[in-house]
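Trainee: Give the three-dimensional model of this entry:
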Amino acid sequence: MDYVNAMFELGMAFCIFLSIRKLCKDRQVKGIHWANVAFPMLWGLFNIVYYPSLEQHASFFAGVVVVAMNAAYLYKINEYRDRG
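Mentor: Numbers count the residues shown, from 1 in each chain. A predicted model of the protein is given here:
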């Protein structure tokens, strides 16, 4: 089950990456509030603490990728938020 969950986490990371790429292309924030990214990032931070207690190491590493993608997304949102 760890590997299945890790694949979902990595799928989420890829979707976040697509949003970052689109934001970089458009160079303006429209239709997204930073809290929609911040809350899942907090959940991800919890997950990277929680997964080791379940001995879900693949999920842990995939969760780190999700948190990194969310952090990059928040950074880009902040960078472009006043341009729209």
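
Trainee: what about this structure, any weak spots by pLDDT?
Mentor: 84 (pLDDT under 70).

Trainee: Which residues does stretch 69-84 contact?
Mentor: Outside of stretch 69-84, the residues within contact range by CB atoms under 8 Å, 6 or more residues apart in numbering are 13, 16-17, 19-20, 23-24, 26-30, 32, 34, 37-38, 40-41, 44. Where C-beta positions appear, they are placed from N, C-alpha and C, glycine not excepted.

Trainee: Those in strands, which ones?
Mentor: Secondary structure assignment (DSSP state E) places none of the contacts of stretch 69-84 within strands.

Trainee: Just the buried residues of those residues.
Mentor: Buried by 16 or more other CB atoms under 10 Å: 13, 16, 19, 20, 23, 29, 37, 40, 41, 44, out of these.

Trainee: tell me the contacts of the first one?
Mentor: Contacts were defined as CB under 8 Å, 6+ apart; by that measure residue 13 touches 62, 65, 66, 68, 69.
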